[in-house]
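Student: coordinates only, no sequence provided:
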Ligand SMILES: [Zn+2]
């Protein structure tokens, strides 16, 4: 992830912090400083750091529960709006997903309970000057942990409550459908939050610009989740062969860049494989690479000097999800498909994947609605 710095590794999980988090710290520190001077600023910063420690522990709750089911969490990143544990995959069993989703908020319940016991034990005075800034922290932290539990348990994606709701729904309906319902509720909630953030002050609520940011994040995350679930349900059990382009033009290895440019102009293809006379794949050109090479070497230069040879290859029987993941990891929009002997048999392109999804989605829809 860009713009995130590593803090270290705890229990095999990399902990990272997004640089925008420091902007939040600076902004909050400045606000508190203006309100109450240096003491208030220090108090504010200590509090926000402790809050984020609670958020981090919350994410570790999810990660540790996932580990129980053999699912790894490579990293946890802290953003200004909260933490994100990148859990490798969600379990397919709804019961396990519920346990993982609840493990996060449970951590905050435990923290709140411990703070409550501490406060009961010490009976801290709340009104004298000494404790005005420092003594208030346990109270505030207790309140914030309670709020974190309530917010996270809202039954809407991407909150943990949304996952619980989805898992409960998935026990009696298709997984993608359950996700769609939970995501839709999440988006309605986001619109509500956004409206409160924008217009709340007109009805006497405190002004809260953070709420608008949270609303945008919730809306986008809910949409993403629905899209991913749709994708997963549509592609389950499929292989690369169902969505690869088999009608395409390739370039012979002795072709020139000028010939490649001709092919680009006279076809709708954006990527061109370079092959031996027997069909063995030698290299690959994207439109951008071709234009760059033309500019640098001119039309007479041979394609083999300018083509790229470092790209992932898939086979017709490669699982669909695996190929998609490969594309995302390598940030490429095309994967050549070869047979056992290394001969090119097709191209797996993002464009074609999109078309296949549309067709499959439409067929699934027509089956659902009588
Ligand atoms: Zn959570």
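Tutor: Arrived safely. Computed from a predicted model, the values in this text were never measured in an experiment.
Student: only C-alpha atoms from now on, for both contacts and neighbour counts.
Tutor: OK.
Student: what's the neighbour count on residue 247?
Tutor: Look at residue 247: counted by other C-alpha atoms under 10 Å, it has 9 neighbours.
Student: and it, what does it touch?
Tutor: Applying C-alpha atoms under 8 Å, 6 or more residues apart in numbering to residue 247 gives the contacts residue 346.
Student: what secondary structure does it sit in?
Tutor: Following DSSP: H, G, I helix; E, B strand; the rest coil, residue 247 is assigned to coil.
Student: which phi and psi values does it adopt?
Tutor: Backbone torsions of residue 247, given as degrees, to the nearest 10, read phi -100, psi 90.
Student: elements contacting the helix or strand where residue 367 lies?
Tutor: Counting by DSSP states H and E, the element that carries residue 367 is helix 350-368. Counting contacts by 3 or more C-alpha pairs under 8 Å, 6 or more residues apart in numbering; DSSP states H and E, helix 350-368 packs against helix 209-235.
Student: from the chain's centroid, how far away is the helix it packs on?
Tutor: Relative to the centre of its chain, helix 209-235 is centred 9 Å away, using C-alpha atoms, centre = their mean, to the nearest Å.
Student: next SSE downstream of that helix?
Tutor: Assigned by DSSP H and E, the successor of helix 209-235 is strand 251-252.
Student: strand partners of that next one, parallel vs antiparallel please.
Tutor: strand 271-275 (parallel) (DSSP bridges).
Student: tell me the first helix or strand C-terminal of the partner strand.
Tutor: Remark: after strand 271-275, the chain's next helix or strand is strand 281-286, criterion DSSP H and E.
Student: ok, now how distant is the residue lying closest to residue 320 once chain neighbours are set aside from residue 175?
Tutor: With sequence-adjacent residues excluded and distances taken as C-alpha to C-alpha, 6 or more residues apart in numbering, residue 320 is closest to residue 239, at 4.6 Å. Distance from residue 239 to residue 175, counting by C-alpha to C-alpha, to the nearest Å: 21 Å.
Student: check contacts around residue 294.
Tutor: By C-alpha under 8 Å, 6+ apart, the contact list for residue 294 reads 257-258.
Student: make sure it is indeed in a strand.
Tutor: No: counting by three-state DSSP, residue 294 is not part of a strand but helix.
Student: re the thing from before, how far off centre is the helix holding residue 367?
Tutor: Centroid displacement of helix 350-368 relative to its chain, using C-alpha atoms, centre = their mean, is 23 Å.
Student: ok, and for that helix, which residues are buried?
Tutor: Going by neighbour count (16 or more other C-alpha atoms under 10 Å), the buried part of helix 350-368 is 350, 353, 356-357, 361.
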